[in-house]
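A.B. asks: Could you look at this predicted model? Sequence included:
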Amino acid sequence: MNNIDLLLINVKFPENVGMIYRLAIQFNVRHIYRYNCSVPGKTNTYKTEKHIPITDVLSLDFLKNYPHPKYLLETGGQILKKKPDNVSHYLLAVGNESYGVADEDKVYFDEIYTLQAPRLISYNVSAALAIGLYYFTY
């Protein structure tokens with residue numbers, strides 16, 4: 001089983017934050033980092049908040065010293081690259097529901113993975129994360 005840390009970047013809808021928290025429990029996420037995010041909405045997030053450390057970060061600069069690979073999951077893209085081999089601990093990040101992650105912040109990541117959306121402009125951020133977590137886990 002992989003060791004997964006999550007980074008939420010500018011996720012603004014409380015319902016999405018709550019859904020992401022519930023996904024974190026399902027996929028045994030080890031740590032959640034939040035950058036400029038909303039708090040979870042009226043959802044059952046107590047279990048996540050009790051069992052997974054959640055850290056609010058003031059800047060994405062902490063990624064410069066993050067010791068494991070860092071992957072950004074884009075929610076509206078063309079292709080999902082082959083997942084990396086032999087990576088046991090990594091950080092998976094998702095961005096804002098409308099505009100994703102700013103181009104200047106993408107430099108912090110080792111790889112950018114995008115999901116194919118043949119009939120959609122984009123996936124909902126929590127749905128995209130569910131697909132990404134499944135893809136990286138199995």
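C.D. replies: Structure's in. What do you need?
A.B. asks: where in the chain is pLDDT low?
C.D. replies: Low-confidence segments of the chain, defined by pLDDT under 70: 1, 41-44, 46, 75-83, 117-123.
A.B. asks: which residues of it fall in helices?
C.D. replies: Along the chain, counting by DSSP state H, helices occupy 14-26, 46-51, 125-137.
A.B. asks: Please identify which of those is closest to Ile4.
C.D. replies: Nearest of those to Ile4, taken as C-beta to C-beta: helix 125-137 at 7.1 Å. Backbone N, C-alpha and C define where each C-beta goes, glycine included.
A.B. asks: relative orientation of the closest one and helix 14-26 in degrees?
C.D. replies: In terms of direction (axes from the mean of the first three to the mean of the last three C-alpha atoms, to 10 degrees), helix 125-137 departs from helix 14-26 by 20 degrees.
A.B. asks: Now do helix 125-137: which elements does it pack against?
C.D. replies: Judged by 3 or more C-beta pairs under 8 Å, 6 or more residues apart in numbering; DSSP states H and E, helix 125-137 is in contact with strand 3-9, helix 14-26, strand 70-77, strand 89-94, strand 111-116.
A.B. asks: Would you mark the buried spots in it?
C.D. replies: Across helix 125-137, burial judged by 16 or more other C-beta atoms under 10 Å covers Val125, Ser126, Ala127, Ala128, Leu129, Ala130, Gly132, Leu133, Phe136.
A.B. asks: Fine, thanks again, bye for now.
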